[in-house]
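In: below are the sequence and a predicted model for it; my questions follow.
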Amino acid sequence: MGITGRYAPSPTGTLHVGNLRTAVLAELRARQRGGVLRLRIDDLDPVTSSDEHLDRQLADLEAVGVTFDGEPVRQTDRFVRYRNAIEELDSAGLVYPCFCSRREIREAASAPHVHLPDGAYPGTCADLGSTERDRRAESRPAALRVRAGGEEVQFADRAAGETTGWIDDFVIRRNDGIPAYNLATVVDDADMGVTEVVRGADLLSTTPRQVWLLRRLGFPPVEWCHVPLMVNESGQRLAKRDGAVTRADLTSLGVSDAELRARLLASVGLAEGEPFDPATLGTDPTTWSLRGQTPT
């Protein structure tokens with residue numbers, strides 16, 4: 001039985017060529033393993049998302065040969081499903097309200113007696129009594145956090161290898177009522193029947209939290225594949241200062257869509273039709289550049 005992959009762009013701007021390459025690799029993995037590729041639109045926040053950005057992204061994906069199976073899924077259509085998942089976690093005693101501001105979290109985490117990974121929540125609101133919760137709720141709406149207790153999670157990644165992550169009490173619903181990315185993507189992947197996630201290495205640090213949620217919600221495990229980011233010839237993440245970083249940029253410089261796809265594949269040592277094996281990617285970031293092929 002083939003795998004079910006997915007690609008999940010956020011319609012908040014133009015797709016970077018690195019995002020296009022990830023989409024190409026996600027489709028290669030799915031097709032070469034006899035599977036399908038689903039499209040999910042990560043438009044959780046309607047303030048930052050737009051149909052104009054989405055239309056441009058879909059046109060870019062089609063231009064480099066990425067096609068999808070089935071109807072797309074939009075996160076803005078699924079808030080009831082996310083609420084049900086939060087209620088399930090709450091019934092298990094794994095959710096509590098948090099009234100901390102970002103400044104308060106930074107100050108608490110940097111206190112001399114506190115030793116936590118960067119960005120970890122120090123548990124300030126974890127054991128508040130009902131009276132104190134009511135008092136704080138008068139001045140600030142609460143976010144919702146899971147009660148993870150500093151658990152360690154291990155998982156295998158097809159590109160990054162064996163990985164271990166420490167789980168803090170992370171947010172699953174923002175204080176404006178919008179479900180957090182980690183919760184939404186886990187629920188969506190499970191409901192869409194996703195069995196393999198191919199995405200950029202910048203999201204590897206979020207994966208332990210998602211593995212934790214998968215297990216707590218009783219969802220089937222998925223295979224992970226975090227591909228390295230597109231970089232410049234110095235091994236730094238490719239940015240606008242490096243020149244052409246979008247399909248529109250390259251089109252304006254005379255690069256055809258077919259040539260762009262060929263360059264994306266060549267940057268990982270592939271030619272059209274060759275199998276994509278994440279285990280062969282290696283860890284040298286300079287192998288993930290366009291190797292001087294992108295005009296500036």
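Out: Cool, the structure landed.
In: ok, Glu233 - how many residues close by?
Out: By the criterion of other CB atoms under 10 Å, Glu233 has 13 neighbours. The way it works is simple: take the backbone N, C-alpha and C, and place the C-beta from them, glycine included.
In: who touches the most centrally placed residue in the chain in this structure?
Out: For the chain, the residue nearest the mean C-alpha position is Leu203 (5.0 Å; CA atoms, centre = their mean). Leu203 is in contact with His226, counting by CB atoms under 8 Å, 6 or more residues apart in numbering.
In: okay, it and Ala248: tell me how far apart.
Out: Applying CB to CB, to the nearest Å, the value for Leu203 to Ala248 is 24 Å.
In: could I have the least confident helix or strand in the chain by mean pLDDT exported to PDB, CA atoms only?
Out: Every helix and strand of the chain was ranked by mean pLDDT, DSSP states H and E. The lowest is helix 102-109, at a mean of 76. What follows is helix 102-109 as a C-alpha-only set of coordinates in PDB (Å, rounded to 0.1, in the frame of the first residue of the first chain):
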ATOM      1  CA  ARG A 102       5.900  36.900  26.300                       C
ATOM      2  CA  ARG A 103       7.900  39.300  28.500                       C
ATOM      3  CA  GLU A 104       6.900  37.500  31.600                       C
ATOM      4  CA  ILE A 105       8.000  34.200  30.100                       C
ATOM      5  CA  ARG A 106      11.300  35.500  29.000                       C
ATOM      6  CA  GLU A 107      12.000  37.000  32.500                       C
ATOM      7  CA  ALA A 108      11.000  33.800  34.300                       C
ATOM      8  CA  ALA A 109      13.000  31.600  32.000                       C
END
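In: can you pull out the helices in the stretch 1-150 of the chain?
Out: Applying DSSP state H, counting those that start in this stretch to the stretch 1-150 of the chain gives helices spanning 17-32, 51-63, 79-91, 102-109, 130-137.
In: so, low pLDDT: which residues of the stretch 151-296 of the chain?
Out: Under the criterion pLDDT under 70, the flagged ranges of the stretch 151-296 of the chain are 243, 282-296.
In: for it, which segments count as strands?
Out: Taking DSSP state E, counting those that start in this stretch as the test, the strands found in the stretch 151-296 of the chain are 152-157, 161-166, 171-173, 196-200, 223-227.
In: of all those strands, which lies closest to Ser139?
Out: strand 171-173 (18.8 Å; CB to CB).
In: which elements pack onto the closest one?
Out: Secondary-structure packing of strand 171-173 (3 or more CB pairs under 8 Å, 6 or more residues apart in numbering; DSSP states H and E): helix 79-91, strand 143-146, helix 181-191.
In: redo the ones you listed as CSV? Include mean neighbour count and distance to Phe170.
Out: Below are those laid out as CSV (neighbours: other CB atoms under 10 Å; distance: least, CB to CB, whole Å):
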stretch, mean neighbour count, distance to Phe170
helix 79-91, 15, 12
strand 143-146, 22, 6
helix 181-191, 21, 6
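In: could you dump those into a markdown table with distance to Gln154 added?
Out: What follows is these, written out as a markdown table (distance: least, CB to CB, whole Å):
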| stretch | distance to Gln154 |
| --- | --- |
| helix 79-91 | 21 |
| strand 143-146 | 18 |
| helix 181-191 | 17 |
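In: what's the closest of these to Ile172?
Out: Nearest to Ile172, of all those, is helix 181-191, at 4.2 Å by CB to CB.
In: quick one, that closest one and helix 79-91 angle?
Out: Comparing the axes of helix 181-191 and helix 79-91 via axes from the mean of the first three to the mean of the last three CA atoms, to 10 degrees yields an angle of 110 degrees.
In: gap between helix 181-191 and the chain center?
Out: Taking the mean of its C-alpha atoms, helix 181-191 sits 10 Å from the chain's own mean (CA atoms, centre = their mean, to the nearest Å).
In: contacts for that helix?
Out: The contact list for helix 181-191 (CB under 8 Å, 6+ apart) reads 6, 8, 40, 42, 44, 73, 75, 78, 81-82, 85-86, 170-173, 194, 197, 206, 209-210, 213-214, 217, 219-220, 222.
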